[in-house]
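*Asks:* Take this sequence and fold it.
(4 chains)
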Number of protein chains: 2
Amino acid sequence: MKTAPNALFKSLADPTRRALFERLSRGGELTVRMLTEKSGVSQPAVSKHLGILRHAGLVRARYKGRQTHYTAQPRALAPLVDWMTYYSRFWHDRLDKLEHLL
Amino acid sequence: MKTAPNALFKSLADPTRRALFERLSRGGELTVRMLTEKSGVSQPAVSKHLGILRHAGLVRARYKGRQTHYTAQPRALAPLVDWMTYYSRFWHDRLDKLEHLL
DNA sequence: TTTATTCATAACCAACCAGATATGGATCTC
DNA sequence: GAGATCCATATCTGGTTGGTTATGAATAAA
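*Replies:* Below is the predicted model of the structure:
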């Protein structure tokens, strides 16, 4: 309950990185090129962010030809849900049903 | 749905800071002195962290005499729950009941 | 009225981080 | 095969940040 959410919190703390994850969550599968276009940062920056997200398990890479397709892995958010379930006593009664689902 | 979770994610991204919030979530009301003891860092560091948490709305300060008592404000986690509700399509069906509770 | 305690702020420092440009490998296209 | 495109990695840099010590204001205790 301690080290698990660390990488997740850190990964999602950066706005640019979180925006990438958000786009992937809605947009299905997207290439680095597509993600770079409306990201506001350079392509290497996007690649680096995707690497961090991938390391945290939040996205998944599929290699086809010269381009890499990324997809979101929302299941990786589970430790965050666990963390909030555990540490918010106020909501505990309402969240504990959710907890055993995960 | 964009700027709201930013301060929360950033606040909770630091392990020391998150540990303080966790302790307050379980330990009720604690003074800076008490929080400093088992934090592993100096008192000014604790004060700074508490200031950040307070700025994010995650803790609340009560001033009595020369000591400051802090309490956790788990309701402040609401935007995080909203964020996860919105951006995790996988859990959407299970979380949307929770969403309208908040 | 001293003396001690509690806390916050200031000033400083080392480490980390997010961004850039440069580059090269791999793969399509012509 | 030649050129163009896509992506990742390497390197560098400015800004952020989490930590420290120093200090002072405010309050409690002696």
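*Asks:* Run a quick neighbour tally on residue A:16.
*Replies:* 12 (other CB atoms under 10 Å in any protein chain shown). To be clear about C-beta, it is placed using only N, CA and C from the backbone, and glycine gets the same treatment.
*Asks:* Then residue A:81?
*Replies:* Residue A:81: 23 neighbours (other CB under 10 Å).
*Asks:* near DNA strand D, which residues of chain A show up?
*Replies:* Residues of chain A lying close to DNA strand D by CB under 7 Å from any atom of the strand are A:31-33, A:36, A:43-44, A:47-48, A:50-51, A:61, A:66-69.
*Asks:* So which of those residues are in strands?
*Replies:* In strands, defined here by DSSP state E, the members of these are A:31, A:61, A:67-69.
*Asks:* Using ChimeraX, define a selection of the buried residues within these.
*Replies:* The ChimeraX command for the buried members of those (criterion: 16 or more other CB atoms under 10 Å in any protein chain shown) is given here:
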select /A:68,69
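*Asks:* before we move on, the earlier item: among the residues of chain A next to DNA strand D, which one lies nearest to chain B?
*Replies:* residue A:50 (16.4 Å; CB to the nearest CB).
*Asks:* show me where chain A has helices.
*Replies:* Per DSSP state H, chain A carries helices over the ranges A:4-13, A:15-27, A:32-37, A:43-55, A:78-87, A:89-101.
*Asks:* Fine, thanks again, bye for now.
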